[in-house]
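A.B. asks: Need a 3D model of the sequence below.
(4 chains)
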Number of protein chains: 2
Amino acid sequence: MKLITREVDYAVRALAAVARAGRGLSAAGLAAPAGVPRPVLRKIMQALSRAGITRSSRGRGGGFVLARPAGRISLGDIISAVRGPLKFNDCVFGGALCHNHRTCLLRGRVAAIEKKVMEEVRRVTLADLG
Amino acid sequence: MKLITREVDYAVRALAAVARAGRGLSAAGLAAPAGVPRPVLRKIMQALSRAGITRSSRGRGGGFVLARPAGRISLGDIISAVRGPLKFNDCVFGGALCHNHRTCLLRGRVAAIEKKVMEEVRRVTLADLG
DNA sequence: ACTAAATGATACCAATCTGGTATCATTTAA
DNA sequence: TTAAATGATACCAGATTGGTATCATTTAGT
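C.D. replies: Prediction:
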């Protein structure tokens, strides 16, 4: 099970580059030095923009900038944007159907672990990853 | 990202049933009440046996018993047996090739989180999930 | 001795997820 | 007007996962 997939990895590197640059960077400009295929990075940057982590400007000379300071962009934000929310728990009965769900001890334990991971992952910011 | 896949879920339920029974239970006997396809449960039980979590006896009247007390079988053991070891970190450069690897801040952070999850997951035992 | 019940070991298949590719539309600076 | 850039989709190939099928081997019971 991967918490950090390639796409998350790419996203972190790209955002770190944007943070360092201080000015708008295009997807193409980000992809080349990182050795990432341009279309892939574009898709990632689009997801980050949709999630409100970056702001984009279109047209010639456009690109991406951070929507807020690096210290307020967490690894958790990035993971959520690129991969969707964490769901550690694949209940076989899909939650609703399991008559034991309330009392299912495994669910409770796993939910607690998931919560801890979210806390950890939110505590790491882009500023820490500079 | 799922920590608890269906197979892990099945494994936990099956092991809990074995623990409650106190005697050997066959894969068929375990599958039916849990509503799990027999061949799937057999594969899972085989993996658990290979990992030394259960002991199996073959032939007529055979089945599976816990290889050690439920309090000494952790959720981590079960996950490792069914899914392989946790690897949160998908380094794009595969570790060896990344010249920044030592200093890669993301790796360090993620490794720390992974370690915490392992601790948590090892702390939960089958006895807690009875 | 024979048979039925059970695990061990594989091989295979379908669905989903993930990384990567391709296209077209839209916006904007030069 | 044009080139450079993002927005939005649609698509494809490989890996993973859940599920199926098969055959060999072991063992208890008759």
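A.B. asks: from here on, contacts and neighbour counts on C-alpha atoms
C.D. replies: Noted.
A.B. asks: wait, does stretch A:35-46 contact DNA strand C?
C.D. replies: Yes: Stretch A:35-46 reaches DNA strand C (Cα under 7 Å from any atom of the strand) through A:36, A:37, A:38, A:39, A:40, A:43.
A.B. asks: So which of those reach DNA strand D?
C.D. replies: residue A:43.
A.B. asks: Which ones among the residues of stretch A:35-46 next to DNA strand C map onto helices?
C.D. replies: A:38, A:39, A:40, A:43 (DSSP state H).
A.B. asks: Now flag whichever of the residues of stretch A:35-46 next to DNA strand C is closest to residue A:76.
C.D. replies: residue A:43 (18.6 Å; Cα to Cα).
A.B. asks: What residues does the closest one make contact with?
C.D. replies: Residues in contact with residue A:43 (Cα atoms under 8 Å, 6 or more residues apart in numbering or on different chains): none are found.
A.B. asks: ok, now the one 10 residues further on?
C.D. replies: If you count contacts by Cα under 8 Å, 6+ apart, residue A:53 has them with A:66, A:67, A:68, A:73, A:77, A:78.
A.B. asks: follow-up on the earlier one: of the ones in helices among the residues of stretch A:35-46 next to DNA strand C, closest to residue A:7?
C.D. replies: Out of these, the member with the shortest distance to residue A:7 (by Cα to Cα) is residue A:40, at 8.3 Å.
A.B. asks: before we move on, back to that, so how do I select the buried members of the ones in helices among the residues of stretch A:35-46 next to DNA strand C in PyMOL?
C.D. replies: In PyMOL syntax, the buried subset of these is picked out as below (16 or more other Cα atoms under 10 Å in any protein chain shown):
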select buried, chain A and resi 38
